[in-house]
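Visitor: need a 3D model of the sequence below.
(2 chains, ligands or ions: 2)
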Amino acid sequence: MENTKYSKEVLKHFKNPKNMGSLKNPDGVGKLGNPACGDVMKVEIKITKDIIKDIKFQTMGCAAAIATSSMITEIVKGKTIKEALKITNKDVAEKLGGLPPIKMHCSNLAADTLHKAIEDYLSKKNKKD
Amino acid sequence: MKTIYLDYAATCPVDKKVYEKMKPYFTEHFANESSMHTLGNKVKEDVEEARENILKKVNAKEHKLIFTSGGTESNNLAIKGIAYSYKEKGKHIITTKIEHDSVLNTVKFLEKEGYEIDYLNVDKEGFINLEELLKKIRKDTVLVSIMHGNNEIGTLQDIKKIGKICKEKGVFFHTDACQSFCKTEIDLSKENIDLLTINAHKIYGPKGVGGLIIKNKIKLNPLLHGGGHEYNLRSGTLNVPGIIGFSESIKVISKKDIENMTRVRDYIITNVLKEIKTANLLGPKEKRLCNNVSFLFDFIEGESVLLHLDLKNIQVSTGSACSSHTLETNHVVRAIGVLPKNSNGMVRITIGKETNLKDAETLIKELIPVIKKLTEMSPVR
Ligand SMILES: Cc1ncc(COP(=O)(O)O)c(C=O)c1O
Ligand code: FES
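Guide: Ligands and ions are numbered 1, 2, ... in the order given. Prediction:
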């Protein structure tokens, strides 16, 4: 049988997710559904001088989805947009001490939604410029 | 912290009395019941007594019981056994969309071999439509397989009426009663059931033993060929301790236990619906397994509820898409017509004879903040 158990790190983030909630007047918003299972994630970001100053997420999903959401917000807070765009789903999963094989698709949601929020910020910014 | 196990539909602990009764059959009465010597004869007698006890429990007079390795094997034997044995008559089988996987995957296997399968719809409480059943039965229909108590949402089908229809139409009727056996009355002298699947581990008996009760007139093709045990329908040296335990386990759940489980079930249903606005009951209020409670919570996912409750030492289960084996939306939830965007929030709570109202209170007390937290976390509110 495949291993279906979660790592300690996943359970830690699942139990006490970091940066959960929403922001007042966010600079960028991303919302995506997971086509594999129908779960949904939303990310809001505040940007100052291309640096992610604040980030919040909301997720309807399994423990893997919640933990990857929480972990990615921790990773990118204080990072530049460029750095954040380089982060892949695999990076997040690795930081969490791996995910059960059937749950790998859940980590897609986190990075993809973050990138969408950044794109949203960039397109708004371009309009203003 | 006390553990509150609420997953009795998955399996039960073995009752102490059952365990004690089984023990000598591992060490002392170990002989092969097929052996002609005194030791073998003693075991044979006890196995036959066990067989009689179980047949009596369902008032079976024109039936025989074949011991198997459990519900899965019994369902396989019933369906493949009939399909192969009566293929001259036809290759059409009727079942429902809410069967246990051991039925669904068996008919799917037969579908690949050229059999034709009709899957009956169910209404939003999980009941089949008897008219639809009547319409679907054809000249070449060899079997109708409809489960008695649904393992996910608790719906109890009207097997008496289904049996009557099948009899009138001259089609064999199989029902999977793993969840209902000993929790709801099954009386084969009143109900026309040609093949009945039962097992031991849902009624405080051991895992790995079950039975298929069939009418004497039925001719099945065996799945296992060999030494000709069990009326030549299931070869292999018998699992004697399991069979003895199975026979003892049918005495475990009393009338009072059933009343108690029903009371706890209704307490949980009423209070969760009252306290949690996003809770929806799955399955009917009446005609429901006495130990099954099943909810769908809006905006959240069942797995997260399960894990949070587990951190509080409360064990429930989920039919959600995100349960560990598969990502597909639960087939029962889909069949009762729940929208896909909402179908991952299923939580199943199944109670046992030890569960009391205090456990139910604790569950609800812990459940409320978990649902609140997860709902706040959800972007789809
Ligand atoms: C309705 C139903 N049918 C069949 C089975 C399979 O039984 P077993 O685990 O004994 O193979 C189960 C339980 O897992 C069940 O709930
Ligand atoms: S996010 Fe849906 S299964 Fe993990």
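
Visitor: show me what contacts B:Ile44?
Guide: Let me fix one detail, which is that residue B:44 is Lys and not Ile. B:33-34 (CB atoms under 8 Å, 6 or more residues apart in numbering or on different chains). (Glycine included, C-beta is placed from N, CA and C.)

Visitor: can you rerun that using 7 Å?
Guide: For B:Lys44, the contacting residues are B:Glu33, by CB atoms under 7 Å, 6 or more residues apart in numbering or on different chains.

Visitor: need the per-residue pLDDT for it.
Guide: We have a pLDDT of 97 for B:Lys44.

Visitor: repeat that for the one 3 residues further on.
Guide: We note a pLDDT of 98 for B:Val47 in this prediction.

Visitor: wait, isn't it in contact with B:Asn32?
Guide: No. Counting by CB atoms under 7 Å, B:Asn32 is not a contact partner of B:Val47; they are 10.7 Å apart.

Visitor: B:Glu286 and chain A, how far apart?
Guide: To chain A, B:Glu286 is 31 Å away according to CB to the nearest CB, to the nearest Å.

Visitor: burial measure for that residue, as a count.
Guide: Look at B:Glu286: counted by other CB atoms under 10 Å in any protein chain shown, it has 6 neighbours.

Visitor: report the contact partners of B:Lys169.
Guide: By CB under 7 Å, 6+ apart, the neighbours of B:Lys169 are B:Ile137.

Visitor: and it, how close does it get to ligand 1?
Guide: Here the criterion is CB to the nearest ligand atom, to the nearest Å. By it, B:Lys169 lies 25 Å from ligand 1.

Visitor: helices of the chain, start to end?
Guide: With no chain named, the answer covers chain A. Assigned by DSSP state H, the helices in chain A fall at A:8-15, A:63-76, A:81-86, A:89-95, A:104-128.

Visitor: look at chain B instead
Guide: Counting by DSSP H, the helices of chain B are B:16-22, B:24-27, B:38-57, B:71-85, B:101-112, B:130-136, B:159-169, B:229-232, B:240-249, B:255-275, B:302-311, B:331-335, B:357-377.

Visitor: quick one, which of those helices gets closest to B:Asn344.
Guide: Nearest to B:Asn344 among these is helix B:302-311; the distance by CB to CB comes to 6.3 Å.

Visitor: residues in contact with that closest one?
Guide: A:14-15, A:62-63, A:66, B:297, B:316-320, B:322-323, B:344-347, B:366-367, B:370-371, B:374.

Visitor: show me what counts as buried in it.
Guide: B:302-309 (16 or more other CB atoms under 10 Å in any protein chain shown).

Visitor: ok, the nearest residue to B:Tyr119 once chain neighbours are set aside - contacts?
Guide: Once flanking residues are discounted, B:Tyr119 sits nearest to B:Lys97: 4.8 Å by CB to CB, 6 or more residues apart in numbering or on different chains. Contact analysis of B:Lys97 by CB under 7 Å, 6+ apart lists B:119-122, B:331, B:335.

Visitor: got a pLDDT number for B:Lys97?
Guide: So B:Lys97 comes in at 97 (pLDDT).

Visitor: same deal with A:Gly61?
Guide: A:Gly61 is assigned 89 on the pLDDT scale.

Visitor: do B:Glu328 as well
Guide: On the pLDDT scale, B:Glu328 is placed at 69.

Visitor: how far does the helix or strand of chain B with the lowest mean pLDDT sit from the chain's center?
Guide: Counting by mean pLDDT, DSSP states H and E, the weakest-scoring helix or strand in chain B turns out to be helix B:331-335, with a mean of 90. When C-alpha coordinates are averaged (CA atoms, centre = their mean, to the nearest Å), helix B:331-335 and its chain have centres 16 Å apart.

Visitor: repeat for stretch A:88-107
Guide: 12 Å.

Visitor: equivalent analysis for stretch A:63-82, please.
Guide: How far stretch A:63-82 lies from its chain's middle: 5 Å, per CA atoms, centre = their mean.

Visitor: how about it and chain B, any contact?
Guide: Yes. With CB under 7 Å from any CB of the partner chain as the criterion, chain B is reached by stretch A:63-82 at A:63, A:66.

Visitor: picking up where we left off before, how much space between the residue nearest to B:Tyr119 and ligand 2?
Guide: From B:Lys97 across to ligand 2, the span is 23 Å (CB to the nearest ligand atom).

Visitor: before we move on, back to that, would you turn the helices of chain A into a markdown table with mean neighbour count?
Guide: What follows is the helices of chain A, written out as a markdown table (neighbours: other CB atoms under 10 Å in any protein chain shown):
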| stretch | mean neighbour count |
| --- | --- |
| helix A:8-15 | 18 |
| helix A:63-76 | 26 |
| helix A:81-86 | 15 |
| helix A:89-95 | 18 |
| helix A:104-128 | 19 |
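
Visitor: how about B:Val240, nearest residue that isn't a chain neighbour?
Guide: B:Tyr25 (4.9 Å).

Visitor: if we can go back for a sec, of B:Val47 and B:Asn32, give the one with the bigger neighbour count.
Guide: Remark: of B:Val47 and B:Asn32, B:Val47 carries more neighbours, 20 against 14, as counted by other CB under 10 Å.

Visitor: residues contacting the more buried one?
Guide: So B:Val47 contacts B:33, B:238, B:240, B:243 (CB under 7 Å, 6+ apart).

Visitor: ligand 2 contacts on chain A?
Guide: Proximity of chain A to ligand 2, by CB under 6 Å from any ligand atom, involves residues A:34, A:37, A:39, A:61-62, A:64-65, A:103, A:106.

Visitor: from these, pick the one nearest ligand 1.
Guide: Closest approach to ligand 1 among the residues of chain A next to ligand 2 (CB to the nearest ligand atom): A:Cys62, at 22.7 Å.

Visitor: just want the most central residue of chain A.
Guide: Compute the mean C-alpha point of chain A, and by CA atoms, centre = their mean the closest residue is A:Ala110, 3.3 Å away.

Visitor: surely it meets A:Ala67?
Guide: No. Using CB under 7 Å as the test, A:Ala110 is too far from A:Ala67 to be in contact (9.0 Å).

Visitor: ok so, going back, also near ligand 1: which of the contacts of helix B:302-311, exactly?
Guide: Answer for the contacts of helix B:302-311 near ligand 1: none qualify (CB under 6 Å from any ligand atom).

Visitor: just the buried members of these?
Guide: Here, 16+ other CB under 10 Å leaves A:14, A:62-63, A:66, B:297, B:316-320, B:322-323, B:344-347, B:366-367, B:370-371, B:374 buried among those.

Visitor: B:Lys167 versus the nearest residue to B:Leu130 once chain neighbours are set aside, what's the distance?
Guide: Spatial nearest neighbour of B:Leu130, chain neighbours left out: B:Lys161 (5.9 Å); criterion: CB to CB, 6+ apart. Relative to B:Lys167, B:Lys161 is positioned 11 Å away (CB to CB, to the nearest Å).

Visitor: ok now do A:Gln58, which residues does it touch?
Guide: A:22, A:42, B:377-379.

Visitor: may I ask which two of those are separated the most?
Guide: A:Ser22 and B:Ser378 (11.5 Å).

Visitor: that older thread, what's the lowest-pLDDT member of the contacts of B:Val47?
Guide: Lowest pLDDT among the contacts of B:Val47: B:Glu33, 93.

Visitor: need the phi and psi values for that residue.
Guide: phi -70, psi -10 (degrees, to the nearest 10).

Visitor: in this structure it contacts B:Pro241, no?
Guide: No. Judged on CB under 7 Å, B:Glu33 makes no contact with B:Pro241 at a distance of 11.8 Å.

Visitor: measure B:Lys219 to ligand 1 for me?
Guide: Distance of B:Lys219 to ligand 1, given as CB to the nearest ligand atom: 24 Å.

Visitor: please read the previous query as pertaining to B:Gly228.
Guide: 24 Å.

Visitor: same thing with A:Lys125?
Guide: 56 Å.

Visitor: go on, A:Ala63?
Guide: 24 Å.
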